[in-house]
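1. sharing a sequence plus its predicted fold:
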Amino acid sequence: MVNPLDELQSRLEYRFRDPDLLRLALTHRSHGAHNNERLEFLGDAALNLIVAGLLFADGEADEGHLSYWRAALVREATLAELAREAGLGRQLLLGEGERRSGGERRDSILADALEALIGAVFLDGGLDAASALARRLYGARLRQLDLHASAKDPKTTLQELLQGRKLQLPSYRVLDTSGPPHAQQFAVACEVGELGLQTRGQGASRRAAEQQAAQSMIALLSEQAPQAARRTRGGSHAS
């Protein structure tokens, strides 16, 4: 019969010199006082450094984009996804109550276990080993990442754009909903009252429609900025 921890190490492509570190990384605090919390602390710090290094290697992305994508890659939801893909949930050592309540599926527990695993590999094999494991775990996520894409969603970008111009925040209102309940479409207006501007967005959710309307407003403001600059220059010549 295959040892589950041997199987896990095969999937991770890392063999622990000290298997006790692996067991500790998989031990939740509900299982006892000797648990993975200290390894989680270490792994959190190591993973932030490792991911920052992997992103920095791109060589061109600016600090804002680097910070955004690092936060996205080490956030709880992402770490929990990685833990599930690695099959950590099945190997977790949980207290009986936590096990009955489905703790092996909980994002917070899975994310903590993955950080603890990185911490354990760091202690067992050093930073290079931990970096190599992180690169394998993130895999396609790193290869498909567009570090130069907008680091913020359109609504956030629009809000910051208006704040930079000392204008009030935009308002959004639902114009229409259509379609059956399981496939509704929302039409939403984005308005910048001080400028008398309105754009429209459509999507399968109100949020998606708002984001589209915000993106249209950003484009509209971008078109108007050069025109306003030309009018200003023209006025200055006339005077």
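-> All right, it came through fine.

2. got a list of what the most centrally placed residue in the chain touches?
-> Nearest residue to the geometric centre of the chain (CA atoms, centre = their mean): Ala72, 2.4 Å. Ala72 makes contact with Thr78, according to CB atoms under 8 Å, 6 or more residues apart in numbering. Heads up, the C-betas are built off the backbone N, CA and C, glycines and all.

3. got it, and Ser205?
-> Counting by CB under 8 Å, 6+ apart, Ser205 touches Phe186.

4. what's the per-residue pLDDT of it here?
-> With respect to pLDDT, Ser205 scores 86.

5. do the same with Leu158
-> 88.

6. quick check, it in a helix?
-> Yes: counting by DSSP: H, G, I helix; E, B strand; the rest coil, one finds Leu158 located in a helix.

7. got the domain boundaries for the chain?
-> 4-144, 154-238 (automatic domain parsing).

8. most tightly packed of the ones you listed?
-> domain 4-144 (a mean of 17; mean count of other CB atoms under 10 Å).

9. report the mean per-residue pLDDT for it.
-> In the prediction, domain 4-144 has an average pLDDT of 91.

10. what's the closest non-adjacent residue to Ser30?
-> Once flanking residues are discounted, Ser30 sits nearest to Gly95: 3.2 Å by CB to CB, 6 or more residues apart in numbering.

11. the one you found is in contact with His28, isn't it?
-> Yes: judged on CB atoms under 8 Å, Gly95 makes contact with His28 at a distance of 7.1 Å.

12. which residues touch Leu195?
-> If you count contacts by CB under 8 Å, 6+ apart, then Leu195 has Leu167 around it.

13. could you check how far it is from Ile218?
-> Distance, Leu195 to Ile218, using CB to CB, to the nearest Å: 13 Å.

14. do the same with Leu54
-> Taking CB to CB, one finds Leu54 at 30 Å from Ile218.

15. same question, Leu66
-> Leu66 is 22 Å from Ile218, by CB to CB.
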